[in-house]
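Q: predicted model follows, preceded by the sequence.
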Protein chains: 2
Amino acid sequence: MLLADIGNTRAHIYDGKSIIHISHEEAIKSYKDKELFYICVSIETKEKIKEFADWIDISDHLHIKGEYETMGIDRKALCLSHKNGVFVDAGSAITVDIVSNGEYQGGFILLGIDAWLKAYKGISNALDVEINRHCSLTGLPKTTKDGISYGIIASIKAVIDSQTSHLPLYFTGGDGKWLSKYFKNSIYDEFLVFKGMKTALKENKC
Amino acid sequence: MLLADIGNTRAHIYDGKSIIHISHEEAIKSYKDKELFYICVSIETKEKIKEFADWIDISDHLHIKGEYETMGIDRKALCLSHKNGVFVDAGSAITVDIVSNGEYQGGFILLGIDAWLKAYKGISNALDVEINRHCSLTGLPKTTKDGISYGIIASIKAVIDSQTSHLPLYFTGGDGKWLSKYFKNSIYDEFLVFKGMKTALKENKC
């Protein structure tokens, strides 16, 4: 069974063993005639693919107690992966969602790393830097590059840590593996969204 | 004596009593022929104004022990305003700088509120919202607007709170007054940068 999580910038396709990350166009080109169960947050791509005979939108099967009306479908899938957890999906945006005893408690949205960097550049060319992915959070920075890197990483870390949760802390998404290293006892799992999709399909006997 | 702090988007002019906030063009038009001491972070505007006979760039007079080479001149001025403090300047960018016993300890750079919002919009139209300036930080949000508002405000608050400082916490800048309300015992002072400029001018007997 093929599952697809179509994000704002990339499509993530899971064949039961591994995930490939490709552009929306590549996904359509390579998989259009294969049976595939998908969720999609891109309004534009959703419009394109809705008539594909072999592609099945499973959004209507994904529900979690406590969900809100406009909650992103990828966040719902993520929150269905485990009954308890703080779920961080670090992609184009960084979403942080909390689930306790299978009930959605709420969550918030931070910027993805690329969006942060682009936004600094938009303020001033003097703030146009690459992130230092090894930036130490002990000791205060004294360069623009580290001042920005610290600003990004320490603020993401501080707001997640401030949730003071006894729940397991899960990371997924393109920057999830790297970001998880700043958190003690965190779990990185690239399959979380697909686990949630599989749970929903199973419960709905699809 | 007129003092000007020329930022990336606006010019702030202080006449010893109050501050006016105007565009760079308006500042040039209204004050070109008046004696004025300035600092300027905009490379473009700096180029335009450097030949004005009555405008004096005081950047070279602003120094603080522990400063780094590429430290923004407005941050130096801010850090000269008091011998001890955590200084938050909430403008186009939000800078956070720490000074202890007159010595600069380091600092970091966050995005200004407008830059945050523009960056969310850049990720997806679904994230194009206004900030809820009354967003509560107790309890987790369950709407996109509050999920974004919480993400912005709670992460700024958490990273500043995580400095665990015994130093006074000062706010300045366009969003400083509003943002300071999320911090107990914080001090909002719109004159901080000008206080620092005056201190530097006094010490240099200008």
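A: Noted; the coordinates are in hand.
Q: what is the most centrally placed residue in chain A paired to in the beta sheet?
A: Residue closest to the average C-alpha location in chain A (Cα atoms, centre = their mean): residue A:89, at 2.9 Å. Beta-bridge partners recorded for residue A:89 (DSSP bridges): residue A:95, residue A:172.
Q: swap in residue A:107?
A: With DSSP bridges as the rule, residue A:107 is bridged to residue A:97.
Q: my guess is it contacts residue A:72, does it?
A: No - applying Cβ atoms under 8 Å as the test, residue A:107 and residue A:72 come out as separate, 9.8 Å apart. For every residue, glycine as well, the C-beta is placed using N, CA and C.
Q: what is in contact with these two at once?
A: Here residue A:107 and residue A:72 have residue A:95 as joint contacts, going by Cβ atoms under 8 Å, 6 or more residues apart in numbering or on different chains.
Q: more neighbours: the two, which one.
A: residue A:107 (27 against 23; other Cβ atoms under 10 Å in any protein chain shown).
Q: contacting residues for that one?
A: A:75, A:87, A:95, A:96, A:97, A:98, B:140, B:141, B:142, B:147.
Q: and the pLDDT for the residue nearest to the centre of chain A?
A: pLDDT recorded at residue A:89 is 96.
Q: how about residue A:164?
A: Confidence score, pLDDT, at residue A:164: 67.
Q: now name the helix or strand holding the residue of chain A positioned farthest from its centre.
A: For chain A, the residue at maximal distance from the C-alpha centroid (Cα atoms, centre = their mean) is residue A:142, at 31.5 Å. For residue A:142, there is no helix or strand it lies in under DSSP states H and E.
Q: which helix or strand contains residue A:195?
A: Using DSSP H and E, residue A:195 sits in helix A:192-203.
Q: buried ones in that helix?
A: For helix A:192-203, a neighbour-count test (16 or more other Cβ atoms under 10 Å in any protein chain shown) marks A:192, A:193, A:194, A:195, A:196, A:197, A:198, A:199, A:200, A:201 as buried.
Q: what helices and strands are in contact with that helix?
A: strand A:2-6, strand A:36-40, helix A:73-79, strand A:85-90, strand A:169-172 (3 or more Cβ pairs under 8 Å, 6 or more residues apart in numbering or on different chains; DSSP states H and E).
Q: pull the distance from the helix ranked longest in chain A to the chain's centre.
A: Ranked by number of residues, the top helix in chain A under DSSP state H is helix A:144-161. On the basis of Cα atoms, centre = their mean, to the nearest Å, helix A:144-161 sits 19 Å off its chain's mean C-alpha point.
Q: list the buried residues in it.
A: By neighbour count on 16+ other Cβ under 10 Å, the buried set for helix A:144-161 is A:144, A:146-160.
Q: quick one: mean pLDDT for that helix?
A: Rounded mean pLDDT across helix A:144-161 is 97.
Q: near chain B, anything from that helix?
A: Yes - shown here: helix A:144-161 in contact with chain B (Cβ under 8 Å from any Cβ of the partner chain) through A:144, A:147, A:148, A:150, A:151, A:154, A:155, A:156, A:157, A:158, A:159, A:161.
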